[in-house]
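A.B. asks: okay, structure incoming, though there's no sequence with it:
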């Protein structure tokens, strides 16, 4: 293959047979095949890696990954359990970048531009329907809370069919000694036959909040009773802030209408503690081709960042005041994807269609939008996911989407390390076709010194690998204590918390393991009952969390099947 000026290695992982590995002399990464999320079979596409010539940190080139059925849906939808006849899934198209004309379907370009009219402090939307009527100014719809009724029953909030008992399906019947109990179980609201998103899950000290289709529901963490009335939105929810602000505020975006050209541009701020609705706003389209057809939301401190296709708008999350816009800069760089949390990270597509086409990563001052540093990514590589913003850990793929690179950046944006591992990793990064969702991955945990990733396993137990962020080398591995895969959830107090997935006839587990020292034994914190293993394992597209000794698992996608009652959320505790 053609070598870059730094002469990266021709051997190492993935080297041709009979050629001894050679130590790397440069390069910005260990490119290996990209990994799909759970439920999407990997494809065997061995290929000698192409040049990726950054001189900062050496890293061996990675070996082509082998396909495996890890994450295919078992008879009841759990991960890692090999079904007798697995369904066929079509992997989503890999991201194609975030610049003008890149991955933008014709309907995005042809979408009507929504105007805004502010009258007396009220936001009005200039809209036009699909019936060729003239545009009219209408007051922006505001979601209204629905009153509580029979749906207050902790068993069935979706259709109100609960009968007042906390466990009408006897899910705790036959629970064995040492097993956790089902605290509550919720069914999903009706969804259209084409399916609907159910994004976001926020846990506070008192309340578990979940978005589903057009609703935002809240349950008492202990007994599942509604803590505030359901908030119903005029149209389907299309984006949410994945995390809450320090004082418990979130923002939900819902669509402007029901047509194919509807924008994801209606913002509603809410208080998780009370369900009270705060400010509303309509996200305007930007310049030509800069659309709010789909958006991404993130929170950093008091700053809400709304990412459009080619720019971002920042709002004060408490007041809704517009702070600034992050727009085109430099040599045709369009920032269309953002990641929030302890830091605000922007990913821009630069020079699209030119010989200098590349991505750039910036850390922004959340209060002003000014760049604190800028990192240019080599041509042919795309930043697909941000595993962490503090420290910054990036997951990238090459132009053929056959090799990957995981890089950690220093506080000035320079490269700190790159992952150097023979493992085949399998975090769950969803199946979104939206390429401005940088923080969609689960099954990844990061602390100040270590990255934790689950390995792929064709059958049986997998491992969690701890990777030193200073060197990119493996520190240790821990095998799942059961014959099912184990995935990281979070770190804290010197421990890593992980979820061991349920099987067809055995409940899952929450375990912890020390992150320091030479030994990393797993300690069982919660054993889910075998009696609900089929329900637990059937959360195919899921969100999970472990907070204050309780385990929560919820659906992130509703299939709209009217023949069965869809599950929404399940909570376990002692």
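C.D. replies: Thanks, I have it. From a predicted model like this one, the values you see are computed outputs, not experimental measurements.

A.B. asks: where does residue 531 land in three-state SS?
C.D. replies: Following DSSP: H, G, I helix; E, B strand; the rest coil, residue 531 is assigned to helix.

A.B. asks: and it, how close does it get to residue 547?
C.D. replies: 23 Å (CB to CB, to the nearest Å). C-betas here are computed from N, CA, C, even on glycine.

A.B. asks: of the two, who's got more company?
C.D. replies: residue 531 (19 against 15; other CB atoms under 10 Å).

A.B. asks: quick one: the residue nearest to that one when sequence neighbours are not counted from residue 273, how far?
C.D. replies: Among residues not flanking residue 531 along the chain, residue 174 sits closest, at 5.2 Å (CB to CB, 6 or more residues apart in numbering). As defined by CB to CB, residue 174 lies at a distance of 37 Å from residue 273.

A.B. asks: which of the two has more neighbours?
C.D. replies: Set residue 174 next to residue 273 and count neighbours by other CB under 10 Å: residue 273 wins out with 18 against 10.

A.B. asks: look up the closest residue to the more buried one, ignoring the ones flanking it.
C.D. replies: Using CB to CB, 6+ apart, the nearest residue to residue 273 is residue 248, at 5.2 Å.

A.B. asks: what count of nearby residues applies to the one you found?
C.D. replies: By the other CB under 10 Å criterion, the neighbourhood of residue 248 contains 16 residues.

A.B. asks: tell me the contacts of it?
C.D. replies: By CB atoms under 8 Å, 6 or more residues apart in numbering, residue 248 lies in contact with 204, 271-273.

A.B. asks: next, find the distance separating residue 227 from residue 455.
C.D. replies: If you measure residue 227 against residue 455 using CB to CB, the figure is 39 Å.

A.B. asks: now swap in residue 264 and tell me
C.D. replies: 35 Å.

A.B. asks: related to what we said a few turns ago, now, which of the contacts of residue 248 lie within helices?
C.D. replies: Nothing among these maps onto helices, per DSSP state H.

A.B. asks: identify the farthest-apart pair in those residues.
C.D. replies: With CB to CB as the measure, no two of those lie farther apart than 204 and 271, at 10.3 Å.

A.B. asks: surely residue 525 and residue 513 touch.
C.D. replies: No. With contact defined as CB atoms under 8 Å, residue 525 does not reach residue 513; the gap is 10.6 Å.

A.B. asks: the more surrounded of residue 264 and residue 455?
C.D. replies: Using other CB under 10 Å as the criterion, residue 264 and residue 455 rank with residue 264 on top: 25 against 20.

A.B. asks: for that one, phi and psi?
C.D. replies: Dihedral angles of residue 264 (phi, psi; degrees, to the nearest 10) stand at phi -90, psi 70.

A.B. asks: was I right about it contacting residue 294?
C.D. replies: Yes. Between residue 264 and residue 294 there is a contact under CB under 8 Å: 5.2 Å.

A.B. asks: pLDDT (mean, whole number) over the helix or strand hosting residue 336?
C.D. replies: According to DSSP states H and E, residue 336 maps onto strand 333-339. Across strand 333-339, the average pLDDT comes to 95.

A.B. asks: and stretch 474-487, by the same measure?
C.D. replies: Mean pLDDT, stretch 474-487: 97.

A.B. asks: low-confidence regions, this protein specifically.
C.D. replies: Low-confidence segments of the chain, defined by pLDDT under 70: 1-168, 430-436.

A.B. asks: run through who's touching the top strand by length along it.
C.D. replies: Counting by DSSP state E, the longest strand found in the chain is strand 381-389. Residues from elsewhere that reach strand 381-389 (CB under 8 Å, 6+ apart): 29, 34, 52, 94-97, 337, 339-345, 347, 358-359, 361, 377, 392-399, 405-406, 427, 429, 435, 438-441, 444, 446, 451.

A.B. asks: tell me the angle that strand makes with strand 333-339.
C.D. replies: With axes from the mean of the first three to the mean of the last three CA atoms, to 10 degrees as the basis, strand 381-389 and strand 333-339 are set at 30 degrees to each other.

A.B. asks: adjacent strands (with direction) for strand 381-389?
C.D. replies: Applying DSSP bridges to the sheet, strand 381-389 is found paired with strand 392-398 (antiparallel).

A.B. asks: for the strand it pairs with, buried residues please.
C.D. replies: Within strand 392-398, the residues that qualify as buried are 392-398, counting by 16 or more other CB atoms under 10 Å.

A.B. asks: what is the nearest of these to residue 332?
C.D. replies: Closest approach between the buried residues of strand 392-398 and residue 332, by CB to CB: residue 396, at 20.5 Å.

A.B. asks: was I right about that closest one contacting residue 405?
C.D. replies: Yes. The pair residue 396 / residue 405 is scored as a contact, 4.6 Å apart, by CB under 8 Å.

A.B. asks: gap between residue 262 and residue 281?
C.D. replies: 17 Å.

A.B. asks: ok, residue 383 next?
C.D. replies: In this structure, residue 383 and residue 281 are 28 Å apart, going by CB to CB.

A.B. asks: of those two, which one has the most company?
C.D. replies: residue 383 (27 against 22).

A.B. asks: distance of the more buried one from residue 450?
C.D. replies: For residue 383, the distance to residue 450 - CB to CB - is 21 Å.

A.B. asks: do residue 424 as well
C.D. replies: From residue 424 across to residue 450, the span is 19 Å (CB to CB).

A.B. asks: and for residue 301?
C.D. replies: Computed as CB to CB, the residue 301 to residue 450 distance reads 25 Å.

A.B. asks: any idea which helix or strand carries residue 279?
C.D. replies: Per DSSP H and E: strand 277-282 holds residue 279.

A.B. asks: would you mark the buried spots in that strand?
C.D. replies: 277, 279-282.

A.B. asks: now do stretch 380-392
C.D. replies: The neighbour-count check on stretch 380-392 (16+ other CB under 10 Å) flags 381-389, 391-392 as buried.

A.B. asks: can you map out the helices along the protein?
C.D. replies: Listed in chain order, the helices of the chain (DSSP H) span 106-110, 533-537.
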